[in-house]
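>>> Build me a model from this:
(one chain, ligands or ions: 2)
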Amino acid sequence: MPMPTMELSRNAVDFIDDARLQSLVSAPRPEPGRVREILAKSLQKQALTLEETADLLNADAELTQEIYAAAHQLKETVYGNRIVLFAPLYIGNRCVNNCSYCGFKASNKDITRRTLTFPELEREVVALEKKGHKRLILVYGEHPDYDAEFIAQTVRTVYATKSEPHGEIRRVNINAAPMDVEGYKIVKEAGIGTYQIFQETYHKETYAQCHPPKTRKGDFMWRLDGLSRAMDGGCDDVGIGALFGLYDWRFEVLGLVSHALFLQERFGVGPHTISFPRMRPATNVDIDGTHFVSDEDFIKLIAVLRLAVPYTGLIMTARETQEVRRKAMGFGVSQIDAGSRIELGGYTEGKELQALDKEQFNLGDIRSLDLVMRELMEDDFIPSFCTSCYRLGRTGEHFMEFAIPGFIKRFCSPNAMCTLQEYLSDYASPETQAVGARLMEKELAKMEDGKMKSEVISRLEAIRNTGKRDLYF
Ligand code: SAM
Ligand code: SF4
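Ligands and ions are numbered 1, 2, ... in the order given. Reported below is the predicted structural model:
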């Protein structure tokens, strides 16, 4: 295999204008009329400019209530009430970098280093399947051992690992270090879903402080350009993110929006997802809390992101506590992880629930998938394991074509109901089954009578009574 290069993408540019973002962060409070105009534009499902996003970020407390209401409304119209569920699977915690905030940093000698063997990986996958998971994100440190070929091999192994009677993983996403174009081609070939890279901070000075210059991750531009190379390599389904707590949260939101607008303009397709992890405690990590984000600001940033990029999925992870997750859910989140364990081997060997000597950081919500599903349904969300778009080739530009008004609601809700029925039939506890049955009745009652509704009813019956699985629109 050829050695990875450090070549940037075609026409790579630094699209983060620090001075401009900084001046937008400190712009004066916008007039109520201006904020309302921006909300109206967003409710027409149009992406916002950087200036418009900054005005929402700078709006006062009273107008912020209107921002929440608009975010909630937009989420309902674009996504309906479904929430996609996934689980993270940590493959290896070896790392050559020294990111100041991370328990996997090379200088942390108190962490047990480990890479799952392929038989161990298969056992973890079976354990996840037996809980009902269908979608995983594989996570890796940055290390020469974790090259594109290795990552591709782990992806193929996950897809090939099935368990009786209906256990299978239908979508594998990746969170790994940036690659060169050849590397992306290799992982694409293995059938990955989304390739996620978090910029961590879009503020260059802070970036340099957190990532020592002589490490691979110390090169800001290599990372910023990482997903453009993914596009050049044929991975048109990408996820961006920032680690909130390193610098001013408003600046980071503007960085994320700049990145989304850049990808949309350059490649005709924006990011599929945005993640906004907040800093968590980790072993031998001591971060100055100046920029830590309060719960209140956290919810505002989610609402503003929802309005700024109407068609981009928003991922909230189990770093957040149950209470924050429950509260934030209605303002625009479309995906969460559940039943998560982030220590290596955590799904098969996890005796202590939070073992900091093995983890990258500490989780906030360690409830089981079953409990998270039950709570979602009690709050009238439809938990979904749908993987239909990706398997029907509706990604990248093609996905954008389908992301027309009503599509997500028309196709995604029925798909969500079918995958939820699979979960209820195969894995749910009796209590969750009862809550699920009530939700299903309510959802069916909401549907207009007609061909689609009869088809959904007949598919749900087929799943319940004839053992049919993996039916999608
Ligand atoms: N090593 C690869 C990289 O850095 O891109 C893969 C991702 S790393 C294992 C996953 C993400 O965890 C990082 O991008 C970072 O945003 C996040 N992370 C690291 N330390 C964290 C902490 N203490 N609290 C919360 N999230 C953290
Ligand atoms: Fe390594 Fe990623 Fe952690 Fe940085 S964030 S130390 S690259 S695992």
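>>> can we go C-alpha only for contacts and neighbour counts from here?
Noted.
>>> what does the model give the nearest residue to residue 472 once chain neighbours are set aside for pLDDT?
Ranked by Cα to Cα, 6 or more residues apart in numbering and with sequence neighbours excluded, the top spatial neighbour of residue 472 is residue 415, at 5.7 Å. Looking at residue 415, its pLDDT is 86.
>>> now do residue 309
Taking residue 309 on its own, its pLDDT is 95.
>>> any idea how far the residue nearest to residue 472 is from residue 79?
13 Å (Cα to Cα, to the nearest Å).
>>> For the stretch 151-300 of the chain, give me the ranges with low pLDDT.
In the prediction, the stretch 151-300 of the chain carries no residues with pLDDT under 70.
>>> Tell me which residue in it sits closest to ligand 2.
Per Cα to the nearest ligand atom, residue 217 is where the stretch 151-300 of the chain lies closest to ligand 2, at 6.4 Å.
>>> I'd say that residue and residue 223 touch.
Yes. Using Cα atoms under 8 Å as the test, residue 217 is close enough to residue 223 to be in contact (7.1 Å).
>>> burial count for residue 153?
15 (other Cα atoms under 10 Å).
>>> SS state for residue 91?
Of the three states, residue 91 takes strand under DSSP: H, G, I helix; E, B strand; the rest coil.
>>> contacting residues around it?
115-116, 121, 138-140, 344 (Cα atoms under 8 Å, 6 or more residues apart in numbering).
>>> got it, and residue 383?
Residues counted as contacts of residue 383 (Cα under 8 Å, 6+ apart) are 82-85, 373, 376-377, 416, 420.
>>> Phi first, then psi, for residue 200.
phi 70, psi -70 (degrees, to the nearest 10).
>>> Contacts only, for residue 240.
So residue 240 contacts 196-199, 256, 259, 271, 273-275 (Cα under 8 Å, 6+ apart).
>>> again, only using 6 Å
Residue 240 makes contact with 196-198, 274 under the criterion Cα atoms under 6 Å, 6 or more residues apart in numbering.
>>> In the residues you listed, find the pair that's most separated.
For these, with distances taken as Cα to Cα, the pair at the greatest spread is 197 and 274 (9.8 Å).
>>> of these two, who's got more company?
Ranked by neighbour count (other Cα under 10 Å), residue 197 and residue 274 place residue 274 first, with 27 against 22.
>>> And that one, how far from residue 215?
Distance of residue 274 to residue 215, given as Cα to Cα: 25 Å.
>>> The strand or helix carrying residue 119 - what's its average pLDDT?
For residue 119, the host element (DSSP states H and E) is helix 118-131. In this model, helix 118-131 has an average pLDDT of 98.
>>> So that it lines up with my notes, have the first residue be 2 from now on.
Taking 2 as the first residue, the last one we looked at is helix 119-132.
>>> Return the set of buried residues in that helix.
For helix 119-132, the neighbour count (16 or more other Cα atoms under 10 Å) marks 122-132 as buried.
>>> Could you dump those into CSV and include distance to residue 181?
Formatted as CSV, those follow (distance: Cα to Cα, whole Å):
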residue, distance to residue 181
122, 26
123, 28
124, 31
125, 29
126, 28
127, 32
128, 33
129, 31
130, 32
131, 36
132, 35
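>>> Let me know the closest of those residues to ligand 1.
Among these, and counting by Cα to the nearest ligand atom, the member closest to ligand 1 is residue 122, at 16.7 Å.
>>> What count of nearby residues applies to the closest residue to ligand 2 within the stretch 352-474 of the chain?
Residue nearest to ligand 2 within the stretch 352-474 of the chain: residue 361 (6.9 Å; Cα to the nearest ligand atom). Counted with other Cα under 10 Å, residues neighbouring residue 361 total 24.
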